[in-house]
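Trainee: fold the following and give me the result.
(one chain, ligands or ions: 2)
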Amino acid sequence: MRELALHIMDLIENGLNAGATLVELTVEEDRSAHRLAVHIRDNGRGIPETLVNEVLNPFFTTRTTRRVGMGLSLFREASRRCEGSFDLKSEEGKGTEVSATFRLGHIDLAPLGDMGSTLSCLIIGNPGVDFLYRHLVDDRVFELDTRKVKDQLGEAHINEPEVVQYIGALVNESLSELGAGRFEIPRPRESCREVQDRHHPLPAEAGGVQSITMEE
Ligand SMILES: Nc1ncnc2c1ncn2[C@@H]1O[C@H](COP(=O)(O)OP(=O)(O)OP(=O)(O)O)[C@@H](O)[C@H]1O
Ligand SMILES: [Mg+2]
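Mentor: Ligands and ions are numbered 1, 2, ... in the order given. As a prediction, this is how the structure comes out:
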């Protein structure tokens, strides 16, 4: 998938389809460990123990509209490609937890995508569900808890267009302030001299000066 936000949307929809009333999403960018972790937990009806392994098969779905279910298997594949790990835990009647890690800076790591729009869409479509979104960049954190937003709104509803638009903008501005989603690991720039030394090391007696003769 082109963006992590699209995977996240897909996985959260799984929980919503399972009747969740609370979905917790944590994204953790640990720059020093070069690790990105995504953790999604819901309190939906869970997956029966006998099916937990099966649901990772792309040809397993409890959907009735089509015969393949790709959300979990695509996410697992994305984490594997990025030298990460994947874990699915579910307890029937209690809920489900999906966790995956990715190596920050891996060339195949998809960009974060638009988390503001992702949260806005989830809230518009599911005003009765609560979302707790935490995004960490090293030791700094942004948190959005729709339960707190609802408490502050009084008479207004969380899925009113102005409120949703405000939440989307708040998410994106806060993430940008944290420097979230900058997944490429900056490589220290080599000086011209270092590049030259690597390709054409000079003999010590040359005193650091080398003349290059171009031959026709
Ligand atoms: N959070 C969850 N709670 C309960 N059941 C789940 C959850 N996540 C996945 N499942 C079960 O696992 C199946 C496979 O999920 P997956 O996301 O891979 O595919 P899908 O949702 O069926 O289809 P797609 O994601 O392609 O729209 C689902 O059909 C559902 O039965
Ligand atoms: Mg799905």
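Trainee: which bits of the chain sit near ligand 1?
Mentor: 10, 14-15, 18, 42, 44, 46-47, 55, 60-63, 69-73, 96 (C-beta under 6 Å from any ligand atom). Every residue, glycine included, has its C-beta placed from N, CA and C.
Trainee: same thing but 5 Å
Mentor: 14-15, 18, 44, 47, 55, 61-63, 69-72, 96 (C-beta under 5 Å from any ligand atom).
Trainee: lowest-confidence entry in those?
Mentor: Minimum pLDDT across the residues of the chain next to ligand 1 is recorded for residue 69, with 72.
Trainee: contacts only, for that residue.
Mentor: Residues counted as contacts of residue 69 (C-beta atoms under 8 Å, 6 or more residues apart in numbering) are 55, 58-63.
Trainee: what about the closest residue to residue 71 other than its chain neighbours, which helix or strand?
Mentor: Closest residue to residue 71 apart from its sequence neighbours, by C-beta to C-beta, 6 or more residues apart in numbering: residue 10 at 4.1 Å. Using DSSP states H and E, residue 10 falls within helix 4-17.
Trainee: got the buried residues for that helix?
Mentor: 4-16 (16 or more other C-beta atoms under 10 Å).
Trainee: tabulate the CA atom coordinates of it in PDB.
Mentor: This file holds the C-alpha atoms of helix 4-17, laid out as PDB (Å, rounded to 0.1, in the frame of the first residue of the first chain):
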ATOM      1  CA  LEU A   4       0.800   3.600   6.300                       C
ATOM      2  CA  ALA A   5      -2.300   5.600   7.000                       C
ATOM      3  CA  LEU A   6      -4.200   3.400   4.500                       C
ATOM      4  CA  HIS A   7      -3.100   0.300   6.300                       C
ATOM      5  CA  ILE A   8      -4.100   1.800   9.600                       C
ATOM      6  CA  MET A   9      -7.500   2.800   8.200                       C
ATOM      7  CA  ASP A  10      -8.000  -0.800   7.000                       C
ATOM      8  CA  LEU A  11      -7.000  -2.300  10.300                       C
ATOM      9  CA  ILE A  12      -9.200   0.000  12.400                       C
ATOM     10  CA  GLU A  13     -12.100  -0.800  10.100                       C
ATOM     11  CA  ASN A  14     -11.700  -4.400  11.000                       C
ATOM     12  CA  GLY A  15     -12.200  -3.500  14.700                       C
ATOM     13  CA  LEU A  16     -15.200  -1.300  13.800                       C
ATOM     14  CA  ASN A  17     -16.800  -4.200  11.800                       C
END
